[in-house]
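> Below are the sequence and a predicted model; questions follow.
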Amino acid sequence: MSFASRQLPSEEQISAVRRFNRFYTRQIGLLEEGLLKSEFSLTEARVLFELAHREGLTATELGNHLALDAGYLSRILKKFEERGFLKRSLSAKDARQALLALTDEGRNAFRPLDQASREQIGDLLASIPARERDRLVDAMESIEQLLGQAADREGRYGLRPLRVGDIGWITHRQGLLYSQEYGWDETYEALVAQILSDFVRNFDPRWEGSWIAECDGEVLGSVFVVKQSEEVAKLRLLYVEPSARGLGIGQRLVDECITFARGKGYGTLTLWTNDILVSARRIYQAAGFRLVKEEPHHSFGKDLVGQTWELDLQPG
């Protein structure tokens, strides 16, 4: 199944992963105050591990690799320096950067922690029949591979204009997603098809644009700008695949629309949405749009509240 066509995870799947997390953290003692009965927290131990196994790291590289807040990491590194575990040296490539390295004392502090971890995992594997150990390791490698592939998608998506095949795909996906998430009927899919059909038939590249977010050939989201008048452009049909949400794609698509509309000399960028589309509304608000009109309506088989939002593109 392709990345873009995956449905939202079920409650049973979410519960299963949470249950596994609770089970495994208990198995390896992550809930104890000190990792492996040591004086170090889990995060401190991870920092020591990276410094022990990777040469020439900067604080920025270390923080990015471990996804740690810069201030939090700085406090850990300062603590290690004060205890004599860590030394810094200027980078030969960039004098503004300091390279981190464990001192002999730091390696001595890490060594028993590393050995305790090896022994713990060894004991855990020893409790499993030999014929089942490869099965366990294979399952763990599968988890690592699948989650790693998902993480690798961040930052790898690109934007491109509309091309042949996109209209049918976007219509299908929007109709299906809004049915699954909000219970909208087939009339919404028909509306999307009409909007996209009109966009292609009447497309004016001087004043209109399209942005398709794509990763490895799979559509992750899209948005369109159409000319409403000489002064007003309209943002239409913003959507992001559920499996790609949280990557900042929605905000990026909206930013592209704003930059485009402003560059074309439009005075206002407007859009119409519904109040139940909370995530989209947050993106619009963050981009500076303001709510100018709100009215109830019955559409797509539901009682809804429609909203018109506007962004002043030429302030002052």
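Thanks, I have it. Worth saying up front: this structure is predicted, and the values here are computed from it rather than measured.

> any weak-confidence spans in the stretch 101-250 of the chain?
Counting by pLDDT under 70, the stretch 101-250 of the chain shows low-confidence ranges at 148-155.

> Just the helices from it, written as ranges.
104-126, 130-152, 166-182, 186-201, 249-263 (DSSP state H, counting those that start in this stretch).

> from these, which stretch is densest packed?
helix 249-263 (a mean of 19; mean count of other Cβ atoms under 10 Å). In this view, the C-beta of every residue, glycine as well, is placed from N, C-alpha and C.

> What helices and strands are in contact with that one?
strand 158-160, strand 209-215, strand 218-227, strand 232-240, strand 268-274, helix 278-286 (3 or more Cβ pairs under 8 Å, 6 or more residues apart in numbering; DSSP states H and E).

> Between those, which one is closest to Leu304.
strand 268-274 (4.8 Å; Cβ to Cβ).

> Domain map for the protein?
32-152, 158-312 (automatic domain parsing).

> To Ser10, which of the ones you listed lies closest?
Proximity to Ser10 (Cβ to Cβ) singles out domain 158-312 among the domains of the chain, at 11.5 Å.

> got the contact list for Asn21?
For Asn21, no contacting residues are found, by Cβ atoms under 8 Å, 6 or more residues apart in numbering.

> swap in Asp185?
Taking Cβ under 8 Å, 6+ apart as the test, what Asp185 contacts is 179, 300-301.

> and Gly122, which of the helices and strands packed on helix 249-263 is closest to it?
strand 209-215 (39.5 Å).

> what's the closest non-adjacent residue to Leu68?
Of all residues not flanking Leu68 in the chain, Thr43 sits nearest, at 7.0 Å (Cβ to Cβ, 6 or more residues apart in numbering).

> Relative to Gln314, how far out is Ile258?
12 Å (Cβ to Cβ, to the nearest Å).

> Same question for Glu294.
25 Å.

> do the same with Ile249
27 Å.

> cool, and Asp69?
Going from Asp69 to Gln314 by Cβ to Cβ gives 38 Å.

> cool, Gly165 as well?
Taking Cβ to Cβ, one finds Gly165 at 36 Å from Gln314.

> now do Thr103
According to Cβ to Cβ, Thr103 and Gln314 sit 59 Å apart.

> residue contacts, the nearest residue to Ala116 once chain neighbours are set aside?
In space, and not counting its chain neighbours, Ala116 is closest to Leu36: 4.2 Å by Cβ to Cβ, 6+ apart. Shown in contact with Leu36 (Cβ under 8 Å, 6+ apart): 29, 45, 113, 116-117, 120.

> how about a cut-off of 10 Å?
Contact analysis of Leu36 by Cβ atoms under 10 Å, 6 or more residues apart in numbering lists 28-30, 42, 45, 112-117, 119-120.

> likewise Leu35?
28-29, 41-46, 113, 116-117, 120.

> Repeat that for Leu235.
Counting by Cβ under 10 Å, 6+ apart, Leu235 makes contact with 223-226, 253-254, 257-258, 260-261, 269-273, 284, 287, 289, 309, 311.

> How about the secondary structure of the nearest residue to Gly56 once chain neighbours are set aside?
What sits nearest to Gly56 in space, not counting adjacent residues and going by Cβ to Cβ, 6+ apart, is Leu99, at 5.2 Å. Following DSSP: H, G, I helix; E, B strand; the rest coil, Leu99 is assigned to strand.

> Any figure for the gap between Leu99 and Asn64?
From Leu99 across to Asn64, the span is 15 Å (Cβ to Cβ).

> cool, Leu238 as well?
Leu238 is 29 Å from Asn64, where distance means Cβ to Cβ.

> Could you do Ser91 as well?
Taken as Cβ to Cβ, the span from Ser91 to Asn64 is 16 Å.

> Show me the residue sitting in the middle of this protein in space.
Leu247 (2.7 Å; Cα atoms, centre = their mean).

> out of Leu99 and Asn64, which sits in the busier spot?
Leu99 (18 against 12; other Cβ atoms under 10 Å).

> residues contacting the more buried one?
55-59, 61, 87-93.

> just the buried members of those residues?
57-59, 87 (16 or more other Cβ atoms under 10 Å).

> Format those residues as CSV; extra columns: pLDDT, secondary structure and distance to Ser279.
Converted to CSV, the buried ones among the contacts of Leu99 look like this (pLDDT from 0 to 100; DSSP: H, G, I helix; E, B strand; the rest coil; distance: Cβ to Cβ, whole Å):
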residue, pLDDT, secondary structure, distance to Ser279
Leu57, 82, strand, 36
Thr58, 86, strand, 35
Ala59, 87, helix, 34
Lys87, 91, strand, 46
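
> right, and out of those residues, which lies closest to Ala126?
Leu57 (33.9 Å).

> which residues touch the closest one?
47, 50-51, 63, 65, 98-101.

> so what's it bridging to?
Leu100 (DSSP bridges).

> distance of the nearest residue to Ala101 once chain neighbours are set aside from Val47?
The shortest distance from Ala101 to any non-neighbouring residue, by Cβ to Cβ, 6+ apart, is to Lys87 (5.6 Å). Lys87 is 14 Å from Val47, where distance means Cβ to Cβ.

> Noted, bye for now.
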